[in-house]
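Colleague: output the structure for:
(chains A, B, C and D)
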Number of protein chains: 2
Amino acid sequence: MSLVLVVDDEPQIRRALRTSLEAHGYQVSTVGTGEEGVVGAAEQDPDLLLLDLGLPDIDGTEVIRRVRAFSDVPVIVLSVREGQTDKVAALDAGADDYVTKPFGMEELLARARAAMRRKQPEEPTLPVQRFGELEVDLARRLVTRDGEQIHLTPTEYGLLEALVTNPGKLLTHQWLLRKVWGQGYGTETTYLRTYVRALRKKLGDDAQAPALIVTEPGVGYRWVAEAN
Amino acid sequence: MSLVLVVDDEPQIRRALRTSLEAHGYQVSTVGTGEEGVVGAAEQDPDLLLLDLGLPDIDGTEVIRRVRAFSDVPVIVLSVREGQTDKVAALDAGADDYVTKPFGMEELLARARAAMRRKQPEEPTLPVQRFGELEVDLARRLVTRDGEQIHLTPTEYGLLEALVTNPGKLLTHQWLLRKVWGQGYGTETTYLRTYVRALRKKLGDDAQAPALIVTEPGVGYRWVAEAN
DNA sequence: GCGCGGCGTGAAGATCGCGTGAAAGCCCTG
DNA sequence: CAGGGCTTTCACGCGATCTTCACGCCGCGC
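Modeller: Predicted coordinates for the structure are as follows:
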């Protein structure tokens, strides 16, 4: 969930923004002064800054400048001032957008989406996991061994993903069943036996001397391979 | 020097923008239709796109979508329309900013600076992709095989674009349906079967031994061709 | 030493999803 | 209003996948 920091000295505007933003699934934090805004931007590391220009303490452009000293967070300025000079000053200080009050909530939300979309480095590119000659690419959903691609069925892949993303942890039968098969499951340990076996076979693991998936009798399974 | 591509059908606006932009040290290129705009964005690789929404040929948001298929260039929309819905549509299609006419030149220049400042060194998809004898021109929406042009229906092209712009990645049924058919879709896997088959046939791929589109049973499809 | 529960193994039946072919609906143009 | 292109829908056959079952083995407690 994305965190939005609202900086405005008027309580009713803070409340209105909070309501609308939270209704659209954002987490909202509000402060009333520029000073608090700069500190909040540093401490809370928000995904978006909504900044009113008419603050009592510091000038809005100054807030932007100070925030820009340490953060690239998208900043959208809200203001009653129509003047071009204010807009130019705010934008050149480092703001990403400038919206004049009164503004439509839909428009503001769209501009917020646009601003946040840009800052995303796409996907945090979860790295390809390597375990010896085994390679698991969660992003592309590809598994290779000795350079050869291994075909996994959806269930097999789901199980492998659950294991690999929880390395070293003991995953109980119930937890795995719920994770891979869905909420309604939890007792079908024969499924697990069947699919753990299929995985071991395809990944080249040996149940008697496992290097990847260890059986914890009566409890569950554990992914023990060391990433390298 | 930064290159700005202006897309507007009114010559006097083109001239006005050119004058102001050149006076501020920008190199300016202008075109009058959405089609030329998309192609220009591909061939000239501008640092900024100024796009009028009221174009004679293609809808403005469609121009944005097409450009976004291969480029992350900042896009600022210019429009006479005040309506929020237009703004939201344009911003969600991928625009960076939306300025309503009449606008002040100083403000536009400031917004342009802000938009370009954000530009990050990212690897854009090449507008023309080649896969062996297959060539996909994302800017002109042209597909050729052995030099022969292949005719694709809009849906077929949309599907191909979704695949080609996400090479190697497993695209789930739901993701593809939402991307190509729209938000309301997600379960109509028969559509996918029908159109994947049509694409394979037209592109010369074989479902049994696919070189372009691989089926991931129960999950989705994957574009596996290597660009060259 | 013996019974028992849990596991690995093998395999079989049921089910699902895919590719295929085709046809019906829809929309725009002539 | 007739035609053609495009989209949506349906039925079928087949192979892959999921589910289920039976059996033997091992470790553990009695």
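
Colleague: contact residues of chain A facing DNA strand C?
Modeller: A:173, A:189-190, A:193-194, A:196-197, A:200, A:207-208, A:215-219 (Cβ under 7 Å from any atom of the strand). The C-beta positions use only the backbone N, C-alpha and C, and glycine is treated the same way.

Colleague: which of those residues are buried?
Modeller: A:173, A:196, A:200 (16 or more other Cβ atoms under 10 Å in any protein chain shown).

Colleague: list the contacts of the last one.
Modeller: By Cβ atoms under 8 Å, 6 or more residues apart in numbering or on different chains, the residues touching residue A:200 are A:206, A:207, A:210, A:212, A:213.

Colleague: please pick the buried ones from those.
Modeller: Here, 16+ other Cβ under 10 Å leaves A:210, A:212, A:213 buried among the contacts of residue A:200.

Colleague: how about these in TSV, adding distance to residue B:78?
Modeller: As requested, the buried ones among the contacts of residue A:200 are exported to TSV (distance: Cβ to Cβ, whole Å):
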residue	distance to residue B:78
A:210	63
A:212	58
A:213	59
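
Colleague: can you lay out those residues as a markdown table showing secondary structure?
Modeller: Shown next, in a markdown table, are those (DSSP: H, G, I helix; E, B strand; the rest coil):
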| residue | secondary structure |
| --- | --- |
| A:210 | coil |
| A:212 | coil |
| A:213 | strand |
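
Colleague: follow-up on the earlier one: which one of the contacts of residue A:200 is nearest residue B:95?
Modeller: For these, the minimum distance to residue B:95 (Cβ to Cβ) is 47.6 Å, reached by residue A:212.

Colleague: I'd say the closest one and residue A:131 touch.
Modeller: Yes: if you go by Cβ atoms under 8 Å, residue A:212 and residue A:131 touch, sitting 6.8 Å apart.

Colleague: would you list every one of the helices in chain A?
Modeller: For chain A, the helices defined by DSSP state H occupy A:11-23, A:34-44, A:60-68, A:84-93, A:105-119, A:154-164, A:173-181, A:189-203.

Colleague: the fourth one to helix A:60-68, inter-axis angle?
Modeller: Counting by axes from the mean of the first three to the mean of the last three Cα atoms, to 10 degrees, helix A:84-93 points 10 degrees away from the direction of helix A:60-68.

Colleague: cool, and the last one?
Modeller: Here helix A:189-203 runs at 70 degrees with respect to helix A:60-68, directions being taken by the same axes, to 10 degrees.

Colleague: and helix A:189-203, anywhere near DNA strand D?
Modeller: Yes: using Cβ under 7 Å from any atom of the strand, helix A:189-203 reaches DNA strand D at A:190, A:191, A:194, A:195.

Colleague: returning to that earlier point: a markdown table for the buried ones among the residues of chain A next to DNA strand C, including distance to residue B:4 and pLDDT?
Modeller: Formatted as a markdown table, these follow (distance: Cβ to Cβ, whole Å; pLDDT from 0 to 100):
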| residue | distance to residue B:4 | pLDDT |
| --- | --- | --- |
| A:173 | 62 | 88 |
| A:196 | 59 | 90 |
| A:200 | 59 | 90 |
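
Colleague: including distance to residue A:140, could those go into a markdown table?
Modeller: Shown next, in a markdown table, are these (distance: Cβ to Cβ, whole Å):
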| residue | distance to residue A:140 |
| --- | --- |
| A:173 | 29 |
| A:196 | 24 |
| A:200 | 23 |
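
Colleague: quick one on the thing from earlier: could you dump the helices of chain A to JSON lines with distance to residue A:4?
Modeller: Output for those, formatted as JSON lines (distance: least, Cβ to Cβ, whole Å):
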{"stretch": "helix A:11-23", "distance to residue A:4": "5"}
{"stretch": "helix A:34-44", "distance to residue A:4": "10"}
{"stretch": "helix A:60-68", "distance to residue A:4": "14"}
{"stretch": "helix A:84-93", "distance to residue A:4": "18"}
{"stretch": "helix A:105-119", "distance to residue A:4": "7"}
{"stretch": "helix A:154-164", "distance to residue A:4": "31"}
{"stretch": "helix A:173-181", "distance to residue A:4": "31"}
{"stretch": "helix A:189-203", "distance to residue A:4": "42"}
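
Colleague: tell me which of the ones you listed sits nearest to residue B:5.
Modeller: Across the helices of chain A (criterion: Cβ to Cβ), the nearest stretch is helix A:105-119, sitting at 18.9 Å.

Colleague: so that closest one versus helix B:84-93, what angle?
Modeller: Here the directions of helix A:105-119 and helix B:84-93 differ by 10 degrees (the same axes, to 10 degrees).

Colleague: okay, buried residues for helix A:105-119 please.
Modeller: In helix A:105-119, counting by 16+ other Cβ under 10 Å, buried: A:107, A:108, A:109, A:110, A:111, A:112, A:113, A:114, A:115, A:116, A:118.

Colleague: which of the residues of helix A:189-203 next to DNA strand D sits closest to residue A:148?
Modeller: Closest approach between the residues of helix A:189-203 next to DNA strand D and residue A:148, by Cβ to Cβ: residue A:195, at 20.9 Å.

Colleague: what sits closest to that closest one if chain neighbours are left out?
Modeller: Sequence neighbours aside, residue A:159 is the residue nearest to residue A:195 in space, at 5.3 Å (criterion: Cβ to Cβ, 6 or more residues apart in numbering or on different chains).

Colleague: what's near enough to touch that neighbour?
Modeller: Per Cβ under 8 Å, 6+ apart, neighbours of residue A:159: A:176, A:180, A:192, A:195, A:196, A:199.
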